[in-house]
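In: need a 3D model of the sequence below.
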Amino acid sequence: MQTPSNITLNKDKNILTLTFEGVDYPLNSEFLRVYSPSAEVVGHGPGQEILQLDKQNVKIDRIEPTGNYAIYLSFSDGHDTGIYSWEHLHKLAVDKDALWSTYLKRLKAAGHSHPEL
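Out: Next up, the predicted model:
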């Protein structure tokens with residue numbers, strides 16, 4: 001299991017930077033929100049994922065450690081049920097570009113707009 005050596009939230013509360021093995025991975029709050037590991041986002045099984053819409057302006061209101069394996073993130077849109085394990089955060093960090101591209105394609109396919117489309 002990869003454990004981050006540092007976690008920093010910028011002053012605007014929209015970029016969470018994780019450091020894994022000396023490499024900084026800045027992750028924006030929208031990305032973290034739409035890839036929350038909560039049931040509200042991933043559903044209760046394969047194929048039950050729920051596309052998250054209009055999260056461009058969401059901020060991270062609070063970060064709390066959860067044991068030695070995760071952090072809990074609370075977002076400005078009221079979402080506060082995701083526990084982000086180190087494993088999940090590492091996957092988001094290293095696969096960010098592919099995951100973001102997939103999210104944008106899903107939005108487009110569903111007929112929704114995004115500033116990056």
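
In: count of neighbours near residue 116?
Out: Using other C-beta atoms under 10 Å, residue 116 has 11 neighbouring residues. Every C-beta, even on glycine, is put in place using the N, C-alpha and C of the backbone.

In: could you look up the SS state of the nearest residue to it once chain neighbours are set aside?
Out: In this structure, residue 116 finds its nearest non-sequential neighbour in residue 104, 5.9 Å apart by C-beta to C-beta, 6 or more residues apart in numbering. Under the three-state scheme (DSSP: H, G, I helix; E, B strand; the rest coil), residue 104 adopts helix.

In: which of the residues in the worst-scoring helix or strand of the chain on mean pLDDT are buried?
Out: Every helix and strand of the chain was ranked by mean pLDDT, DSSP states H and E. The lowest is helix 39-42, at a mean of 92. Buried residues in helix 39-42, counted by 16 or more other C-beta atoms under 10 Å: residue 41.

In: residues in contact with it?
Out: Helix 39-42 has contacts (C-beta atoms under 8 Å, 6 or more residues apart in numbering) with 34-36, 48-50, 52, 79, 81-82.
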